[in-house]
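Undergrad: 3D, please:
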Amino acid sequence: MNALIVDDERLARVELRRLLAAHPEVAVVGEASSGAAALDEIARAAPDLLFLDVQMPGMTGFDLLERLDVVPQVIVTTAYDAYALKAFEVNALDYLVKPIAPERLAAALARLRPPARRELLEQVFVRDGDRCWIVRLPEIFLFQSEGNYTRVHFRAERPLVRRSLNALEERLDPHAFFRANRAEIFNLKWIESVDEAVSGGLLVTLRGGRTVEMSRRRSDRLREILSL
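TA: Modelled structure (predicted):
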C-alpha cells in the first residue's frame, strides 16, 4: 500500500513517518507541505492512500480532494476535533487527531481496502456548499450531465462534480455502469424493472423510483447485457 503524507507542518510529517515505520505494509512514497505540491506528488506517485491534513494555507485538504480525478483512500489528520465530523461526512476511512497515538494509527490502517485497479474509478469526491463526501461507486445509481458538470445521484443527495459526463465515463467500469443516452449513465445493479417505452425503446426504473428512457439502439444493447 503506497501512501502520501500531506501536511504543512514538517514535524507532523516526520512524526507520522516514524509511526508508520512500525507498519511495513504501508510504504511512504512521498510528502507534500501544501495542496499544490500534493497535486504534483499525486500525479507522480499515484498513491493508494493519503494521510491528509485539513487546514493548510492556500488550499485545504477538501479543496485538494475536489481537484482529483481519481480519489485514493483517505485518512484525515488534524489538530482540531472540529474537523472530525466533516471527515466522517466525506466518508474518509478514519480521522486522526494530532498528536497521533500509535494505537489509533493501527486502528485506522486496519480499515484499509486492497488497492483497486488504477484505470477505473473506485470512488469520487463531491461537494455541495459546505458539505462534501467521498462516495463509493456502488452507492451511486445515476450520473446526469449538466453542461461541463455532472450531477451525482446517491442516497438522497444530488451534488455536482466539476467533470463532464464523458470524462467520467472513461473511468467507469462498463460492466457496472451503462450509458443510457447523451445525458445519463446509470448503475446496472440498481435496476428495479425494465419496461417497453412508447417510443419503442426501453424505460428503466431504478431502485427508489427514478426512471431512465433509452433510444431503440441503446435499448438493444441493454437487452444484450441483461439477456432480455
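Undergrad: What about Pro57, how many residues nearby?
TA: 9 (other Cβ atoms under 10 Å). Just so you know, the C-beta spots here come from the backbone N, C-alpha and C atoms, and that holds for glycine as well.
Undergrad: I should have written Glu139 there, sorry.
TA: What Glu139 shows, counting by other Cβ under 10 Å, is a neighbour count of 17.
Undergrad: Need the pLDDT of it.
TA: pLDDT recorded at Glu139 is 97.
Undergrad: cool, and Gly129?
TA: Gly129 carries a pLDDT score of 81 in this model.
Undergrad: What of Ala87?
TA: 58.
Undergrad: mind giving me the domain ranges of this structure?
TA: 2-109, 135-226 (automatic domain parsing).
Undergrad: Tabulate these in TSV, adding columns for distance to Gln123.
TA: Formatted as TSV, the domains of the chain follow (distance: least, Cβ to Cβ, whole Å):
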stretch	distance to Gln123
domain 2-109	5
domain 135-226	5
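Undergrad: which stretches of the protein have low pLDDT?
TA: For the chain, the stretches with pLDDT under 70 are 81-90, 116-119, 228.
Undergrad: what residues are up against Phe177?
TA: 137, 143, 169, 185-188 (Cβ atoms under 8 Å, 6 or more residues apart in numbering).
Undergrad: ok, now with 6 Å
TA: 185, 187 (Cβ atoms under 6 Å, 6 or more residues apart in numbering).
Undergrad: and what of the one 3 residues further on?
TA: Ala180 makes contact with 186, 212, 214, 218, according to Cβ under 6 Å, 6+ apart.
Undergrad: Most distant residue from the centre of the protein?
TA: Distance from the C-alpha centroid of the chain, by Cα atoms, centre = their mean, peaks at Val198 (36.8 Å).
Undergrad: Can you tell me the SS state at it?
TA: coil (DSSP: H, G, I helix; E, B strand; the rest coil).
Undergrad: please begin residue numbering at 184 from this point
TA: All set: I'll call the first residue 184, so the last point we hit is now Val381.
Undergrad: Would you mind measuring from it to Ala220?
TA: From Val381 across to Ala220, the span is 55 Å (Cβ to Cβ, to the nearest Å).
Undergrad: hey, what's Thr260 bridged with?
TA: Per DSSP bridges, the residues bridged to Thr260 are Asp236, Leu279.
Undergrad: Check the gap between it and Ser217 for me.
TA: Distance from Thr260 to Ser217, by Cβ to Cβ: 15 Å.
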